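S.K.: The following block contains a protein sequence and its predicted model.
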Amino acid sequence: MKTLQAKALIWAMCIGQIGNVLPNVVVPAVMVQYLIPLWGMTNTQAGLLASAYAAGYMLAVPFLSSLTDRYDARRILLLGSLCSGLSTLAFALFASSWLTGVFIWGLAGASFAGAYMPGLRALTDRLETADASRSITLYTASYSMGVGFSFLVSQLVADAYGWRWSFGITGLGPFIMAFVAWRMKPVLPIPKEGHLLDVRPVLRNRPAMAYILSYGAHCFELYGFRTWLVAFWTFVISRHQGDSLPNAMTVSFLASLLAMPASILGNELSLRFGRASAISWIQVISALTALSIGVLAGGSAWVILVLILVYAVTVLADSGSLTAGMMSYAQPQFKGLTLAMHSTVGFGLSALSGWMVGLALDSHGGTQDPQAWLAAFGVLAAGVMLGPLALRLSRNSRP
């Protein structure tokens, strides 16, 4: 593809990705102020509700991403984006309890499974290899940009018009990506032999599996942080009511906004010092930052804010590099299947994270107890530390 065409495609996909991710964190954004008191949920139930999105994604992504080895990924991207928008609108119209919320939000996550990784496949199938690493990083970083706007729009709309309108407005975002997919030129994948969901070739690909498992540790940390960030900062504000602190909407938006430069910076560090080494150091620093937040949860609000913003960088700095590393080792005829394994592990651990953090909070005194937040951030730190261990599998592989 010519340079101009490639650049236009990359930016169109990044804009479409922001639209597709717009519904992504509506539940975490509005659950503390609206859904928990309305539906009488415990923290564990709230964590499960937020995790239903990742669980639905995990269940659907093996099939939907693997289909990109048989069919043009743009077709799956188009359908997944449409279903993502419609299911988010369905939450606005029909969610009336914790149970119906879990069911519909799970469907929304399953729909997004047809959009995120198939979108990455649709992009990389239309780029030259030389364009891939930085393009993948931009695409994955735009995910976090979308999350930032998801936090911002959700809370602004909920405060002005009610929580149902948050889902209604953000549910329009995925239709942007549907339009981008519709305008793409067709590209047929390399024919693949064997069963659609035969994962043995991916499991035998040791370097790719190292990045996939490390990505799972990254997702565990990231999803837990995003799910409970609003609740944590609400706790901080409640302990420092005399201080003029930024509200939860501002903090969650700023934290998400840092994700794009963080991911780009992490990728540049990987290109300079080697992916496995750079990612491992980033994940160790991220774990230490999480523990610092937990230890200081009852202390100075401004120190905590600085640590949150640092954490927002470290928790995302490895994202693009992990996905680029996985893609660099994926066998061409099994690229869709490798993407499926990548997402299944990542979002499976994401679903576990939201629930485990909620469980840690409930078992250590609830969201108003600093010790509970130490336990919560301890869970996140322990999860991400599995990443460097997984990357040891790639030690003797090519960079």
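M.R.: Here it is on my side, so go on.
S.K.: which residues touch Q17?
M.R.: When the contact criterion is Cβ atoms under 8 Å, 6 or more residues apart in numbering, the partners of Q17 are Y116, G119, Y139, S142, Y143, G146, M177. In this view, the C-beta of every residue, glycine as well, is placed from N, C-alpha and C.
S.K.: To clarify, my last question referred to A95.
M.R.: Contacts of A95 by Cβ under 8 Å, 6+ apart are G101, I104, W105, F167.
S.K.: how about the contacts of Q17 in JSON lines, adding distance to D69, neighbour count and secondary structure?
M.R.: Formatted as JSON lines, the entries for the contacts of Q17 read as follows, by distance: Cβ to Cβ, whole Å; neighbours: other Cβ atoms under 10 Å; DSSP: H, G, I helix; E, B strand; the rest coil:
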{"residue": "Y116", "distance to D69": "17", "neighbour count": "29", "secondary structure": "helix"}
{"residue": "G119", "distance to D69": "15", "neighbour count": "28", "secondary structure": "helix"}
{"residue": "Y139", "distance to D69": "19", "neighbour count": "23", "secondary structure": "helix"}
{"residue": "S142", "distance to D69": "24", "neighbour count": "24", "secondary structure": "helix"}
{"residue": "Y143", "distance to D69": "23", "neighbour count": "25", "secondary structure": "helix"}
{"residue": "G146", "distance to D69": "26", "neighbour count": "27", "secondary structure": "helix"}
{"residue": "M177", "distance to D69": "21", "neighbour count": "29", "secondary structure": "helix"}
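S.K.: P388: which of those is nearest?
M.R.: The shortest distance between P388 and any of these, using Cβ to Cβ, involves Y143 and amounts to 22.8 Å.
S.K.: Give me the pLDDT for the nearest residue to the closest one once chain neighbours are set aside.
M.R.: For Y143, the nearest residue in space outside its immediate sequence neighbours is V21; the separation is 5.4 Å by Cβ to Cβ, 6 or more residues apart in numbering. Per-residue pLDDT puts V21 at 94.
S.K.: does V21 really touch G148, like I thought?
M.R.: No - counting by Cβ atoms under 8 Å, V21 sits too far from G148 to count as a contact (9.2 Å).
S.K.: helix, strand or coil for M41?
M.R.: In the three-state summary, M41 is assigned as coil, counting by DSSP: H, G, I helix; E, B strand; the rest coil.
S.K.: Contacts only, for it.
M.R.: Remark: with contacts taken as Cβ under 8 Å, 6+ apart, M41 is in contact with M31, L35, L49, W98.
S.K.: likewise G366?
M.R.: When the contact criterion is Cβ under 8 Å, 6+ apart, the partners of G366 are N43, A372.
S.K.: and it, what pLDDT?
M.R.: With respect to pLDDT, G366 has a value of 89.
S.K.: and it, how far is that from W39?
M.R.: Going from G366 to W39 by Cβ to Cβ, to the nearest Å gives 17 Å.
S.K.: Might you report the residue contacts of V295?
M.R.: With contacts defined as Cβ under 8 Å, 6+ apart, V295 is in contact with L374.
S.K.: Would you mind measuring from it to F377?
M.R.: For V295, the distance to F377 under the criterion Cβ to Cβ works out to 8 Å.
S.K.: What ranges does this protein have for its strands?
M.R.: With DSSP state E applied, the chain shows no strands anywhere along its length.
S.K.: which helix is the longest one in it?
M.R.: Looking only at the chain and at elements set by DSSP state H, the helix with the highest residue count is helix 206-239.
S.K.: Which positions in it come out as buried?
M.R.: Neighbour counts over helix 206-239 (16 or more other Cβ atoms under 10 Å) mark 207-237 as buried.
S.K.: Likewise for stretch 158-169?
M.R.: Using 16+ other Cβ under 10 Å as the test for burial, stretch 158-169 gives A158, W163, R164, S166, F167, G168, I169.
S.K.: Put the alpha carbons of it into PDB.
M.R.: What follows is stretch 158-169 as a C-alpha-only set of coordinates in PDB (Å, rounded to 0.1, in the frame of the first residue of the first chain):
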ATOM      1  CA  ALA A 158     -25.200  10.700  33.400                       C
ATOM      2  CA  ASP A 159     -25.000  13.900  35.600                       C
ATOM      3  CA  ALA A 160     -27.000  15.900  33.100                       C
ATOM      4  CA  TYR A 161     -29.600  13.500  31.800                       C
ATOM      5  CA  GLY A 162     -29.400  10.200  33.800                       C
ATOM      6  CA  TRP A 163     -27.400   7.000  33.600                       C
ATOM      7  CA  ARG A 164     -29.500   5.500  30.800                       C
ATOM      8  CA  TRP A 165     -28.500   8.300  28.500                       C
ATOM      9  CA  SER A 166     -24.900   7.500  29.100                       C
ATOM     10  CA  PHE A 167     -25.400   4.100  27.400                       C
ATOM     11  CA  GLY A 168     -27.600   5.600  24.700                       C
ATOM     12  CA  ILE A 169     -25.100   8.300  23.700                       C
END
